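> Sequence below, structure please.
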Amino acid sequence: MEFSGPVISCLGMDDRFSMSNMAIEAGARAGLIAPDNITWQYVRASGLKRQKGGKRPCSPQSAACSGLFSDPDAHYEKVYEWDISDVEPQVACPHLPSNVKPVSAMRRVSVDQVVIGSCTNGRINDLRSAARVLKGKKAKAGVRLIVFPATQKIYREAVKEGLAEIFVKAGGIFSTPTCGPCLGGHMGILAEGETCIATTNRNFIGRMGSPKSFVYLSNPAVAAASAITGKITHPGRF
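You can find the predicted model right below:
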């Protein structure tokens, strides 16, 4: 599955990683986005200076990278186009990632738990997005707020930037990286009848605990706003 277009070209690497990560939920074996200057800047900033054999990573202009792009006459089985200029934040409802509705339609859904992080939405920009909403505010009494970054490096960045302090002051738990609640392993297991909004990647029946619990999926800003109100909330309110 290949993603392209003017919106894709504007996305940072964190957002591209999330889209590629979630392509499997649509039945794809891989989610591809052609490399561009944003990609090369990320590669250079990551310190990936040389390939095996001592060669430097290719750039968009190099012949070595020609194979990383689709051919101009490439045939696609299907092509879909969407105009997302007026699309508001979306929420995946129980019990499938594809059961998607706009956040404005979810305003009456109360939550017992908010999970921000995971491999899908636990990168530094995701945490910054959540922190912007939560700064100076508190999670609603009775709502469990759990935040865990994707990697230990991101964990250290979040501490250094003061994001961890924002989460803790908001009444949340800031954890080292873990799959924990995402797969119903530990730290935030849902009881029967409980509802969670999470930035994780799946919301199947029993995924986060009891088979009689409910998991909604959203972006980090929606999740953070929902922690404050105790109901699924558009982040624009804050």
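> What is the neighbour count of the closest residue to residue 81 other than its chain neighbours?
Residue nearest to residue 81 in three dimensions, not counting chain neighbours: residue 5, with 7.8 Å by C-beta to C-beta, 6 or more residues apart in numbering. No exception for glycine: its C-beta is placed from N, CA and C like everyone else's. Close neighbours of residue 5, defined as other C-beta atoms under 10 Å, add up to 10.
> any idea how far residue 197 is from residue 5?
Note on residue 5: its distance to residue 197, by C-beta to C-beta, to the nearest Å, is 28 Å.
> re earlier: and the pLDDT at the residue nearest to residue 81?
Listed pLDDT for residue 5 reads 93.
> and if you look at residue 54?
49.
> what do you get for residue 161?
So, for residue 161, pLDDT stands at 96.
> low-scoring pLDDT stretches of this protein, where are they?
48-67 (pLDDT under 70).
> quick one, phi psi at residue 231?
phi -140, psi 160 (degrees, to the nearest 10).
> ok, what's across the strand from it?
The partner list for residue 231 in beta bridges (DSSP bridges) reads residue 110.
> so who does it touch?
107, 108, 109, 110, 111 (C-beta atoms under 8 Å, 6 or more residues apart in numbering).
> got the domain boundaries for the protein?
Domain ranges of the chain: 6-68, 90-237, per automatic domain parsing.
> where do the helices sit along the chain?
Using DSSP state H, the helices of the chain run over 6-10, 13-22, 37-45, 118-121, 124-134, 152-160, 163-169, 220-229.
> of all these, which lies closest to residue 86?
Distance to residue 86, taken as C-beta to C-beta, is lowest for helix 6-10 among the helices of the chain, at 12.6 Å.
> Give me the residues contacting that closest one.
Helix 6-10 is touched from outside by 16, 19, 33, 36, 38, 84, with contacts defined as C-beta under 8 Å, 6+ apart.
> contacting residues around the third one?
Residue 33 is in contact with 2, 3, 4, 8, 16, 19, 20, counting by C-beta under 8 Å, 6+ apart.
> Mind doing that once more with 7 Å?
3, 8, 16, 20 (C-beta atoms under 7 Å, 6 or more residues apart in numbering).
> can those residues go into TSV with extra columns for distance to residue 211 and neighbour count?
Below are the contacts of residue 33 laid out as TSV (distance: C-beta to C-beta, whole Å; neighbours: other C-beta atoms under 10 Å):
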residue	distance to residue 211	neighbour count
3	34	15
8	37	15
16	34	19
20	30	16
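> can you name the two of the residues you listed that are farthest apart?
8 and 20 (10.9 Å).
> Counting neighbours, which bits of stretch 185-194 end up buried?
Residues 188, 189, 190, 194 are the ones in stretch 185-194 that count as buried (16 or more other C-beta atoms under 10 Å).
> Out of these, which comes closest to residue 178?
So of the buried residues of stretch 185-194, ranked by how close each gets to residue 178 (C-beta to C-beta), first place is residue 188, at 9.7 Å.
> Compute the distance between the closest one and residue 221, please.
For residue 188 relative to residue 221 (C-beta to C-beta), the value is 20 Å.
> Quick one: residues contacting residue 69.
Counted by C-beta under 7 Å, 6+ apart, residue 69 has contacts residue 34.
> so how far is residue 33 from it?
Per C-beta to C-beta, residue 69 is found 11 Å from residue 33.
> could the contacts of helix 6-10 go into a markdown table alongside distance to residue 75?
Converted to a markdown table, those look like this (distance: C-beta to C-beta, whole Å):
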| residue | distance to residue 75 |
| --- | --- |
| 16 | 24 |
| 19 | 23 |
| 33 | 19 |
| 36 | 23 |
| 38 | 27 |
| 84 | 25 |
